[in-house]
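**Student:** here is a sequence together with a model predicted from it:
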Amino acid sequence: MFRLHSVTTCFAIITLGTTAITAGTLASTRNGDVVEITDLRPFTHAAEIPVGSQTASIRIEGIKFVKIATKRRSVTNGVYCNQPWAEPGGSMSCERTADESPVPAYRVTYSYRGQPLASDEYGNPYFTFNVYFRPDEISPRLRERVASGKIGRAELAEFFDIATSREPVQETVIDETRSTLCDGNYVDGNWIHTNPKCEDNIAYRRVAMPSPYLRVEVNPGTPRYATAAASAPWQK
């Protein structure tokens, strides 16, 4: 419906990958496979882009009616994975994944300019991200305009509001006040204790640190024409 500029989806994380994932359920089959069903949460209306990206450049590119998965099935073949000759990093025969349980959704695509000097392999400094909405989250007017295929970018942008934020994240770091580290030197890239009998005693603590990503949240907005109509004298 809309032709996108030459952009790439790198450098954006949809609160997830494409989706956010919640804990799933496990089950075993007779042949030893372990099946895990994971709930996906594609309707978070949010994505994450690297800090330093030019937020003022964020603009809407298009909207499309699609189907999106709400569950992910992972099947692990325990017999194959535990064989001595199995590949250390795993393989397609060890674990298989498939997205399933699709539901109707509206995919809204945005583009933005990345960090200074950031670009893809083609030298393009623009990237994209997608957010997804349930049909009932989209106004009837917008659904009608999308179905007609006659809605421009400027009009489309009025149906959504964007907010950016930078949330702190919890990181695990060494607690130097409660840790005891042995003296030593690097030998061939390895840290060797001066006293072979000395043992490190390392304690950790959790600290809040600024996230390396900006959260971009997209929510349904109210177009100017709807606001003007609501405030018109004949509506009062």
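**Tutor:** Perfect, I can see it now. Since this is a predicted model, take the numbers as computed values, not measurements.
**Student:** tell me who's in contact with Y204.
**Tutor:** Applying C-beta atoms under 8 Å, 6 or more residues apart in numbering, we find Y204 in contact with 172-175. Any C-beta I mention is one placed from the backbone N, CA and C, and that applies to glycine too.
**Student:** among these, which are in strands?
**Tutor:** Among the contacts of Y204, the subset assigned to strands under DSSP state E consists of 172-174.
**Student:** okay, those in a markdown table with distance to F129 next?
**Tutor:** Rendered in a markdown table, the data for the ones in strands among the contacts of Y204 read as follows (distance: C-beta to C-beta, whole Å):
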| residue | distance to F129 |
| --- | --- |
| T172 | 28 |
| V173 | 30 |
| I174 | 35 |
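**Student:** and these, which are buried?
**Tutor:** Taking 16 or more other C-beta atoms under 10 Å as the criterion, nothing in these is buried.
**Student:** could you single out the nearest of the residues you listed to S148?
**Tutor:** Top of the list for closeness to S148, among these and by C-beta to C-beta, is T172 at 52.5 Å.
**Student:** what's across from the closest one in the sheet?
**Tutor:** On the basis of DSSP bridges, T172 takes part in beta bridges with R206.
**Student:** ok, it to D200 distance?
**Tutor:** T172 sits 16 Å away from D200, going by C-beta to C-beta, to the nearest Å.
**Student:** could you pull out the helices for this structure?
**Tutor:** Using DSSP state H, the helices of the chain run over residues 78-81, 140-148, 153-157, 224-231.
**Student:** averaged pLDDT, the longest one. What do you get?
**Tutor:** So that's helix 140-148. Helix 140-148 shows a mean pLDDT of 93 in the predicted model.
**Student:** count the neighbours of G152 for me.
**Tutor:** 9 (other C-beta atoms under 10 Å).
**Student:** what distance do you get for it to L181?
**Tutor:** Here the criterion is C-beta to C-beta. By it, G152 lies 62 Å from L181.
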